[in-house]
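Enquirer: Predicted structure and sequence below. I'll ask about it afterward.
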Amino acid sequence: MMRRRISRRIARTFVLGSAIGLLAAGLAAPAEARPPVPPTVDIQSVAWLAPDGGSVSFQVIASCPERWTVVQAVVAVSQPQASGQASFPLTCVGALRVFHVTVPAATGTFGLGEAQATASVVVKRGKTQSAQDSQLLRVDPAVLVELAESARLESGGGAVTIGVTVACPVGTTGLESRLVVSQGQSLGVGTYTPVCDGSRHTFTVRVEASRGLYQAGIAQALTFANIEFNGMGFAGIDDDGALEIVT
């Protein structure tokens, strides 16, 4: 009886030890034994056309396995009259990242409407893996707008004049746009209409105070440069804030 009981204990101990050994071996398996997550790349469907047609900008979402080396991360854009290519700074951290990519036109000039984009990511660590994506982009207009750093005091503080520079692509239409200047309790609004021919145009905008009086010193300025394309409205914004009013 005693011998049989001892044998059963030995058998149970052997089975339990084997199970623990197998479990420990599985837990101790190195990360390298697991298949790496493959690289990915995804082009977002909306692009923005620079006012002069010299480039288009859009977002790309990409990832690659941690500690792998990037061999290539490029995007190409083409239209019947223009094409270009650009790289983006992908690093392999094992997580998705968003990249804002600007593709300059190597030939021709980009235009509004549609464009074909392709992206390619190639990574390497001993072996090579790759990912590709292709997307028909909707190319919308970008609006460049820049406010001058200073405004001139006029009419005894009843108004200020300030320069605003705007550029918008050919094929779009400028709409009435507002420029707000505030200083303490003083506030006023001026208007201007962008000229959309791909070039930069500077307007001298008069902003009359509707409340209080302006004075020499620091103020704040904000403008929305509004345009229209295909029945849709677009705007460029400059809200750098600090503006110096000078006499």
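Expert: Right, received. Where do you want to start? Numbering: from 1, shown residues only.
Enquirer: CA only for contacts and neighbour counts going forward, please
Expert: Will do.
Enquirer: Give me the contacts around stretch 148-168.
Expert: 50-52, 141-147, 188, 194-209, 212-216, 225, 227, 242-247 (CA atoms under 8 Å, 6 or more residues apart in numbering).
Enquirer: Can you give the domain ranges for this structure?
Expert: 34-141, 144-246 (automatic domain parsing).
Enquirer: G156 falls within a helix, correct?
Expert: Yes - assessed with DSSP: H, G, I helix; E, B strand; the rest coil, G156 lies in a helix.
Enquirer: Pull the number of nearby residues for it.
Expert: 11 (other CA atoms under 10 Å).
Enquirer: can you tell me which residues contact the closest residue to Q116 other than its chain neighbours?
Expert: Spatially, and ignoring its direct neighbours in sequence, Q116 is nearest to L136 (4.7 Å; CA to CA, 6 or more residues apart in numbering). By CA under 8 Å, 6+ apart, L136 lies in contact with S45, E114, A115, Q116, A117.
Enquirer: Repeat the analysis, applying 10 Å as the threshold.
Expert: By CA atoms under 10 Å, 6 or more residues apart in numbering, the residues touching L136 are I43, Q44, S45, V46, A47, V77, S78, E114, A115, Q116, A117, T118.
Enquirer: Next one: the second one relative to A115, how far apart?
Expert: As judged by CA to CA, to the nearest Å, Q44 and A115 stand 12 Å apart.
Enquirer: Settle it for me: which of those two has more neighbours?
Expert: Using other CA under 10 Å as the criterion, Q44 and A115 rank with A115 on top: 22 against 17.
Enquirer: could you point out which element follows the helix or strand encompassing the more buried one?
Expert: If you go by DSSP states H and E, A115 is part of strand 113-125. Using DSSP H and E, the helix or strand that follows strand 113-125 in sequence is strand 127-141.
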